[in-house]
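Engineer: Pasted the sequence and its predicted model underneath.
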There are 2 protein chains.
Amino acid sequence: MFHEILQGIVNEASGLSAVLMGYDGLPVHQVDRHSEGLDLNMVAVEYSGVLKEVRNTVALLNTGDLEEMAISTERFHVIIRALTEEYFVTLTIARDGNFGKGRYLLAREAHRLKEALR
Amino acid sequence: MFHEILQGIVNEASGLSAVLMGYDGLPVHQVDRHSEGLDLNMVAVEYSGVLKEVRNTVALLNTGDLEEMAISTERFHVIIRALTEEYFVTLTIARDGNFGKGRYLLAREAHRLKEALR
């Protein structure tokens, strides 16, 4: 079930990878289309650390629950969507990929991923 | 000069505030339209901490320089654009505001802000 949803997101977004992750830094399921020389496991683990800090910051600022974080560098966009207290999903796309579509797809599929996590 | 650029971004994006910040957490210049009960100084300081961590993560992962980070919560979008080694700019918009336009405006005005920082 995770596989089908993540594969659908990666295909439709022409993404490089999608990973369902725990805040503990452990991937639950991962779909890679291209790694582009990137250690995608390391990316996932590092971003889980960042996301934990962002979640703490958001809680401190009292601005409502964290829904999404996106980081763009010279080579990639990484879009991260919070799912539950314990899990989130990341989508990595190339710098010239469709950022807006990636956000849309993660938002659209978040509910199905939450259902699958039950 | 900073004021004119930041005011233009906030107006055009129908944003709540735009802040030119140092990575040291100190605001250089700030334009607020609405605070919506948010302590915008605290937001800026907290996000500068997060951004420093993201910059370190990005450097570690060797994915090219950090260009942009965006964080969406139930109440706000905060879009952050890296400018120089020392400075970045943030734009806060309401949750139902135009996220894409905010990103576009920060990208469009980044060059002028860099020029003004010289």
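Structural biologist: Cool, the structure landed.

Engineer: where does chain A come near chain B, residue by residue?
Structural biologist: A:38-39, A:42-43, A:46-47, A:49-50, A:53-54, A:57-58, A:60-61, A:63-76, A:95, A:100 (C-beta under 8 Å from any C-beta of the partner chain). C-beta coordinates here come from the backbone N, C-alpha and C atoms, glycine included.

Engineer: Of those, grab the buried ones for PyMOL.
Structural biologist: Per 16 or more other C-beta atoms under 10 Å in any protein chain shown, the buried members of the residues of chain A next to chain B correspond to this PyMOL selection:
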select buried, chain A and resi 38+43+46+47+50+54+57+58+61+63+66+67+68+69+70+71+72+73+75+76
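
Engineer: Restricted to strands, list the residues of chain A next to chain B.
Structural biologist: Per DSSP state E, strands hold the following members of these: A:66-73, A:76.

Engineer: Before we move on, what's the pLDDT of the spatially most central residue of chain A?
Structural biologist: Central residue of chain A (C-alpha atoms, centre = their mean): A:Thr90, 1.1 Å from the mean position. In this prediction, A:Thr90 carries a pLDDT score of 94.

Engineer: tell me the contacts of it?
Structural biologist: Applying C-beta atoms under 8 Å, 6 or more residues apart in numbering or on different chains to A:Thr90 gives the contacts A:17-19, A:21, A:43-44, A:47, A:78-81.

Engineer: Can you say which helix or strand has it in it?
Structural biologist: Using DSSP states H and E, A:Thr90 sits in strand A:87-94.

Engineer: what angle separates that strand from strand A:66-73?
Structural biologist: Using axes from the mean of the first three to the mean of the last three C-alpha atoms, to 10 degrees, one finds that strand A:87-94 and strand A:66-73 are set 30 degrees apart in direction.

Engineer: Direction included, what does strand A:87-94 pair up with?
Structural biologist: Sheet pairing for strand A:87-94, assigned by DSSP bridges, gives strand A:17-22 (antiparallel), strand A:76-82 (antiparallel).

Engineer: quick one: which of those strands is nearest B:Pro27?
Structural biologist: strand A:76-82 (26.6 Å; C-beta to C-beta).

Engineer: how far does that closest one sit from the chain's center?
Structural biologist: Computed by C-alpha atoms, centre = their mean, to the nearest Å, the chain-centroid distance of strand A:76-82 equals 5 Å.

Engineer: which residues make contact with it from outside it?
Structural biologist: A:16, A:36, A:38, A:43, A:47, A:51, A:55, A:65-72, A:88-95, A:97, A:99, A:102-103, A:106-107, A:110, B:63-64.

Engineer: If we go by neighbour counts, what in that strand is buried?
Structural biologist: Buried, per 16+ other C-beta under 10 Å, within strand A:76-82: A:76-82.

Engineer: Against which helices or strands is the helix of greatest length in chain A packed?
Structural biologist: Ranked by residue count under DSSP state H, the longest helix found in chain A is helix A:40-61. Counting contacts by 3 or more C-beta pairs under 8 Å, 6 or more residues apart in numbering or on different chains; DSSP states H and E, helix A:40-61 packs against strand A:17-22, strand A:27-32, strand A:66-73, strand A:76-82, strand A:87-94, helix B:40-61, strand B:66-73.

Engineer: Can you show me the CA trace of stretch A:85-92 as CSV?
Structural biologist: The C-alpha trace of stretch A:85-92 is given here as CSV (Å, rounded to 0.1, in the frame of the first residue of the first chain):
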residue,chain,number,x,y,z
GLU,A,85,2.9,12.6,15.4
GLU,A,86,5.4,9.9,14.4
TYR,A,87,5.6,10.0,10.6
PHE,A,88,6.2,12.3,7.6
VAL,A,89,6.7,11.9,3.9
THR,A,90,9.4,13.5,1.7
LEU,A,91,9.5,14.0,-2.0
THR,A,92,12.8,14.9,-3.8
